[in-house]
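Participant: What shape does this take:
(chains A and B)
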Amino acid sequence: MADDLFKLYQDVILEHNRKPRNYVAVDPATHRGHGYNPLCGDSIELTLDVRDGVIHAIGFQGESCAIATASASLLTDTLQGCSVDEAEAITARFRAVMDGQDEEDLPAGLEPLRGVRRFPSRIKCARLAWASLEAALAGDGEDGAASTEG
Amino acid sequence: MSQVDPVVSTASGLDVDAIRARFPILQQEINGKPLVYLDNGATAQKPDVVIDAVSDCYRSYYANIHRGVHELSQRSTTAFEAVRGTVQRFLNAPSEDEVVFTRGTTEGINLVANSFVRPRLQAGDEILVTGMEHHSNIVPWQLLCDATGAKLVVVPFSDAGELDLDDVAARINKRTKFVSVIHVSNALGTINPVAEIVELAHAQDVPVLVDGAQSAPHMPVDVQALGCDFFVFSGHKTYGPSGVGVLWGRYELLAAMPPWHGGGDMIKTVTFERSEFAEPPQRFEAGTPNIAGVIGMGAGIEWLMGLGLDKVAAHEADLLAYAHEQVSAMEGVRIIGNARRKAAALSFVMDEAHPHDIGTILDNDGVAIRSGHHCAQPVMQRYGIPATARASFGVYNTRAEVDQLVASIDKVRRLFA
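Facilitator: Next up is the predicted model:
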């Protein structure tokens, strides 16, 4: 299990936790998603500038554990410049991996998050930013709210 | 240097190895390491006497209570009712008829809120609580205030996690109809001066409930010495089963209270015109209770009293002082709650690591702690933090386990450095 722990808290995760990428509020934002897990208190606010079906800018802010923070940071890094269709496809694959479909491919940048699977109580942390994204895109311009608890 | 005054200064004299041997669950490894269970504030593990009492009830004499003339029903009723006497001795209550069995602390508070306080409350009246209450001693009062137009008044606490008695006194006035206060804070470990608070409230004829969820397992409790009107606690924290607890109330108050839940077992006679209610405590125990659970709770409390609550308090005070000393000396670690009088709980945060990350890494070393807001979000807001990591002690914990806790915290520090 010690190996799993170090796989979970590998350098990439720790580094993204220490220095999160795209830690900004995109302004003006066309889409917003707020993820909040009331039981643990983790909170992530995603802001996006989406025009012509393309994510021109994406940022996040909030207060959360290393897993949730690194996952949000990696999400923004991966999806910057993607089409909304691509973003939704990647989100679906990420969700499938977290649901236990280990054979599913992930973009190389997201591979470090795969280790979270071995820590069932922390999957909700990794998924929070992604649930916020789904809420933001589903909102179609309105603020979306999400939680990965319960 | 620890600033914590031990509750009891004498050495405990407890044989902790013998105590640990009574807990089957502690004899295992988690993630390849010996289990170090430091989440007693959430719930305590069960000694063999409790497991056996529950098992024996189901194996040899279980039946419904207070009805049926058959042998098993009588034996179940006798065993169930005997627990009232156990609880009476545990709390030094004047009478076992003052012991109401509930599902736990939360239900006890809701019962008092609805049955005792609600009929006395009018718009503009006030209910006083402290800023360090558990959600179970906040939300029932908010519901009551919403329904009646009464107001919830909150006594703040200091950075150290202490109440100011002058401030408490200043907030009790003619509009105050009830005071409900946590005895020991689950999030901070603070032991509140409840006897003094009761005195201040009674000087204004205001009744007081003491939430003893975190005190009853850890120190001698004497409701007559505290002077309170109601005292509530949970069986699962006093080494008994979950889903059972106790509301103790002064008999004359219980006798004047209407029932909360209606049903079987709480009536004298029922016709479709009207029902005549049973006397306390049965008046508040509608329906078939958790029979084996109450019997198991009784076994846990008898076992705890057999150890001696003064010795339990001394042992845990030693562990807490030792942990305080070790953890407060660590760089990048901050203890939340530095009251002079504390019991059983050590909350902390780290500069670099979030409490959930701390919890995962400690778990990997077999160390079970709680991370989160501890159902005390206002306490977290008071300190401007989302959560803490909390190690909370029980009678079976040892200094060696504190050493393991400290070593694992140090591992977090190195990983996140």
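
Participant: Around chain A, which positions in chain B sit nearby?
Facilitator: When proximity is defined by CB under 8 Å from any CB of the partner chain, chain B lies next to chain A at B:31-32, B:352-357, B:360-361, B:364, B:371-373, B:377, B:380, B:386-387, B:415-416. C-beta here means a position set from N, CA and C on the backbone, and glycine is covered the same way.

Participant: Would you mind listing which of those residues are buried?
Facilitator: B:352-357, B:360-361, B:364, B:371-373, B:377, B:380, B:386-387, B:415-416 (16 or more other CB atoms under 10 Å in any protein chain shown).

Participant: chain center to the longest helix along chain A, what's the gap?
Facilitator: Assignment by DSSP state H gives helix A:123-139 as the longest helix of chain A. For helix A:123-139, the distance from its own C-alpha centre to the chain's C-alpha centre is 6 Å (CA atoms, centre = their mean, to the nearest Å).

Participant: Let me know how buried the closest residue to chain A within the stretch 51-200 of chain B is, in neighbour terms.
Facilitator: Of all residues in the stretch 51-200 of chain B, B:His135 sits closest to chain A, at 11.3 Å by CB to the nearest CB. By other CB atoms under 10 Å in any protein chain shown, the residues close to B:His135 number 15.

Participant: How about B:Asp17?
Facilitator: Other residues close to B:Asp17 by other CB under 10 Å number 9.

Participant: Might you report the residue contacts of it?
Facilitator: By CB atoms under 8 Å, 6 or more residues apart in numbering or on different chains, B:Asp17 lies in contact with nothing.

Participant: can you tell me the helix or strand for it?
Facilitator: Using DSSP states H and E, B:Asp17 sits within helix B:16-21.

Participant: Quick one: distance of that helix to the chain centre.
Facilitator: The answer for helix B:16-21 is 23 Å, by CA atoms, centre = their mean.

Participant: The lowest-mean-pLDDT helix or strand in chain B pairs with which strands?
Facilitator: Among the helices and strands of chain B, strand B:267-270 carries the lowest confidence by mean pLDDT, DSSP states H and E, at a mean of 85. Sheet pairing of strand B:267-270 (DSSP bridges) gives strand B:275-277 (antiparallel).

Participant: in the strand it pairs with, what counts as buried?
Facilitator: So strand B:275-277, judged by 16+ other CB under 10 Å, has buried residues B:Phe277.

Participant: try stretch B:260-276
Facilitator: B:260, B:265-267.

Participant: and which of the residues you listed is nearest to chain A?
Facilitator: The closest of the buried residues of stretch B:260-276, once distances to chain A are taken by CB to the nearest CB, is B:Trp260, at 28.1 Å.

Participant: quick one on the thing from earlier: convert the helix holding B:Asp17 to PDB, retaining C-alpha atoms only.
Facilitator: Coordinates of each C-alpha in helix B:16-21 appear next as PDB, following Å, rounded to 0.1, in the frame of the first residue of the first chain:
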ATOM      1  CA  VAL B  16      -4.100  -0.500  29.500                       C
ATOM      2  CA  ASP B  17      -2.700  -3.700  28.000                       C
ATOM      3  CA  ALA B  18      -5.500  -5.600  29.800                       C
ATOM      4  CA  ILE B  19      -8.100  -3.000  28.600                       C
ATOM      5  CA  ARG B  20      -6.900  -3.400  25.000                       C
ATOM      6  CA  ALA B  21      -7.200  -7.200  25.200                       C
END
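
Participant: sorry, back to before: quickly note the distance from the residue of the stretch 51-200 of chain B closest to chain A to A:Ala146.
Facilitator: When distance is defined by CB to CB, to the nearest Å, B:His135 is 23 Å away from A:Ala146.

Participant: Which stretches in the chain count as helices?
Facilitator: Since no chain was named, I'll use chain A. So, for chain A - with DSSP H - the helices run A:2-8, A:11-18, A:66-79, A:84-98, A:123-139.

Participant: wait, I meant chain B there
Facilitator: B:16-21, B:48-56, B:71-91, B:105-111, B:139-148, B:165-171, B:194-203, B:223-226, B:251-255, B:291-307, B:309-328, B:355-364, B:377-383, B:399-416.

Participant: Report all helices and strands that the third one contacts.
Facilitator: Other elements packing on helix B:71-91 under the criterion 3 or more CB pairs under 8 Å, 6 or more residues apart in numbering or on different chains; DSSP states H and E are strand B:99-102, strand B:245-249, helix B:291-307.

Participant: if you compare those, which one is most tucked away?
Facilitator: Burial of those is given as mean neighbour count (mean count of other CB atoms under 10 Å in any protein chain shown); strand B:245-249 ranks first at a mean of 29.
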